[in-house]
Every structure is written in structure tokens, then in C-alpha cells.
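In: The amino acid sequence is not available; the structure is as follows:
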């Protein structure tokens with residue numbers, strides 16, 4: 001009988017040795033922001049015009065720095081139907097998005113066609129030279 005009591009006692013210890021893991025509380029839902037249809041618009045593919053109405057091309061890419069801050073836009077400039085065009089990079093602050101109410105509206109670039117023509121061509125995996133809002137090359141060059 002004492003052998004049976006010892007086995008029961010050991011079985012009781014074995015059950016106590018493996019407690020059930022505590023249940024984790026579910027993660028809180030992520031925060032959300034709701035933007036109205038008139039408050040936010042996509043920019044890729046958007047036509048770009050100079051402040052005098054000249055066709056400057058269209059936005060094909062956006063460049064961000066290591067912190068995720070938007071620094072510049074890549075514009076497909078010049079050419080006809082994509083032939084003879086080249087990509088140039090302009091400072092984000094040189095673009096005016098105030099007058100884009102729908103997809104057909106253009107972005108305004110605070111540079112002239114001559115200033116943009118003088119900008120070096122953007123090449124992926126090469127240092128990026130950014131044309132600034134004042135028509136001068138920005139002092140920062142960063143690797144893309």
C-alpha cells in the first residue's frame with residue numbers, strides 16, 4: 001500500500017511540474033487614419049508642368065532617404081512617347097501638389113524647362129544628383 005501511495009504522490013508531483021503557460025493577451029489593433037478622397041492623391045504617373053504651363057514629363061518614382069523621408073521625385077522628361085526621354089531627379093520641395101483635385105490634374109514644378117534639361121540623367125544604382133527648387137544642384141548627393 002505504501003508503494004501505491006508513493007506512486008500516486010509522484011504522479012501528483014509530475015502534474016504540478018508542468019504548469020500551463022499563461023495565455024497571451026491579443027495584440028491591440030493597429031492605429032488607423034482615414035484620409036478623405038479629396039485629401040490624398042497618388043503621384044506616380046502624374047503629369048508635371050512648369051509654372052508657365054510647359055510639359056515637363058511625368059513622375060515615375062519617388063526617392064526616400066534612410067529614415068523614410070521623401071527627398072525627391074524621378075521625372076521622365078523630354079522625348080516623344082517615351083522615345084528620347086531621360087529620367088531626372090528633382091527636389092520634393094520643387095513640386096507643388098496644391099492644385100490636384102483628381103487624376104487628370106497636373107503637379108507643378110518650380111523649375112524651367114532649360115533648368116531641367118541641364119540636369120544630369122538619373123541612373124539606378126549610381127549616386128543621385130537632385131535638382132533643387134532654386135534651379136541649382138542640391139548640395140546633398142546620396143546613394144540610392
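Out: Done, it's in. Worth saying up front: this structure is predicted, and the values here are computed from it rather than measured.

In: just the helices in this structure please.
Out: Using DSSP state H, the helices of the chain run over 2-17, 113-117.

In: For the ones you listed, which has the smallest mean pLDDT value?
Out: Between these, the lowest average pLDDT goes to helix 2-17, which shows a mean of 51.

In: Have a look at this structure and report its longest strand.
Out: Ranked by residue count under DSSP state E, the longest strand found in the chain is strand 55-64.

In: Give me the residues contacting it.
Out: 43-50, 70-78, 85, 87, 89, 107, 109, 111, 113, 116, 128, 130, 144 (C-beta atoms under 8 Å, 6 or more residues apart in numbering). C-beta here means a position set from N, CA and C on the backbone, and glycine is covered the same way.

In: Show me those residues that map onto strands.
Out: If you go by DSSP E, these have 47-50, 70-77, 87, 89, 107, 109, 128, 130 in strands.

In: from those, which would you call buried?
Out: 47-50, 71-77, 87, 89, 107, 109, 128, 130 (16 or more other C-beta atoms under 10 Å).

In: contacting residues around the nearest residue to residue 95 once chain neighbours are set aside?
Out: Using C-beta to C-beta, 6 or more residues apart in numbering and skipping residues adjacent in sequence, the residue nearest residue 95 is residue 107, 5.3 Å away. Shown in contact with residue 107 (C-beta under 8 Å, 6+ apart): 43, 46, 47, 48, 49, 59, 95, 96, 97, 100.

In: Need the per-residue pLDDT for residue 107.
Out: pLDDT for residue 107: 90.

In: Low-confidence ranges, this protein, go.
Out: Residue ranges of the chain with pLDDT under 70: 1-18, 37-40, 79-83, 100-104, 133-144.

In: which residues does residue 109 contact?
Out: By C-beta under 8 Å, 6+ apart, residue 109 lies in contact with 48, 49, 50, 51, 56, 75, 90, 94, 95, 96, 116.

In: Can you verify my assumption that the first one contacts residue 110?
Out: Right, residue 48. No: between residue 48 and residue 110 there is no contact under C-beta atoms under 8 Å: 10.7 Å.
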